[in-house]
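[1] just coords:
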C-alpha cells in the first residue's frame, strides 16, 4: 500500500511539474519568441524601406482625407495599388494608439498559424492596404506576444494607423468590438453586412479570438480609411503625443 501511495504521489508531482512548465511555455516563452520574431519582421521592413525596396510602392500617393464615418463612406483619392504581397512576408507596420503609444506590430501576408507567430496576418484575397474594398487583418488575443490582448478597449473614433514605407494610412474605427462566431466569414466581405456600411469604400477589419483564452467566438472591429499622407510629411496627427 505504501508503495502504491508513493507511486501515485510521484506521478502527481510529475504531472503537476509538467503542467507548470506548459503554462510557463504558453504564458512566457511563446511571448518572448513572438516579440523577437515581430521585432525582426519590423527590422526587415525598415531595411527594405531604407533601400527603397518597398513592395509595389507607387511614385506618389495623393491625399485621401475626409472619409465619411459609419455611413459607409471612404477616403477620397485613388492611391496606386501596391504589388502582390509575398505569402508569409511583412509589408506594413500597424500602430493603434488606444493600445499604447509603444504598440506597433508588423503585418504579414496570410493567416496561418506560422504566420501569426510573427505578427498580424492579412487575410489573403481581401483588399490591399489603402485600396477600395476591405483590408482585413487577424491577430492573436493571447499567446505569441498577445498582440490583441486589449482588443476590447477599442472604441468608435479610435485611430488605426499603418505604413508601407512610403505612405501613412489612418483608419478610424466605426463599429466594434462586435462579437460573432468563427463561421461568420461575411465580416471580411468587401462591404461587411453587419458593419453599418452601405456602399463600397476603403475599409479595415480587425479580428481576434474570444474569450481571452479561448477561440469559440471572434471579436470584430470595422474602420474606414480617413486620410493618407506621405512618410516625408512626418507622422500623422494620430501618432503625435
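    Received, thanks. Everything numeric here is computed off the predicted structure, so don't read it as measured data. Numbering: from 1, shown residues only.

[2] tell me the helix or strand right after the host helix or strand of residue 35.
    Residue 35 is part of helix 30-50 when elements are defined by DSSP states H and E. Of the helices and strands lying after helix 30-50 in sequence (DSSP H and E), the nearest is strand 90-95.

[3] which ones are touching the residue nearest the centre of the chain?
    The chain has residue 120 as the residue nearest its centroid, 4.2 Å off, counting by C-alpha atoms, centre = their mean. Each residue near residue 120 by C-beta atoms under 8 Å, 6 or more residues apart in numbering is listed here: 94, 105-108, 137-139, 147. C-beta: built from backbone N, CA, C; applies to glycine.

[4] what two of the residues you listed are the furthest from one another?
    106 and 138 (13.3 Å; C-beta to C-beta).

[5] what's the per-residue pLDDT of the nearest residue to residue 110 once chain neighbours are set aside here?
    Of all residues not flanking residue 110 in the chain, residue 87 sits nearest, at 5.1 Å (C-beta to C-beta, 6 or more residues apart in numbering). Listed pLDDT for residue 87 reads 97.

[6] so residue 208: helix, strand or coil?
    strand (DSSP: H, G, I helix; E, B strand; the rest coil).

[7] tell me the bridge partners for it.
    As for beta bridges, residue 208 partners with residue 219 under DSSP bridges.

[8] what's the burial count for it?
    23 (other C-beta atoms under 10 Å).

[9] and the direction of the helix holding residue 35 versus that of strand 90-95, what angle?
    110 degrees (axes from the mean of the first three to the mean of the last three C-alpha atoms, to 10 degrees).
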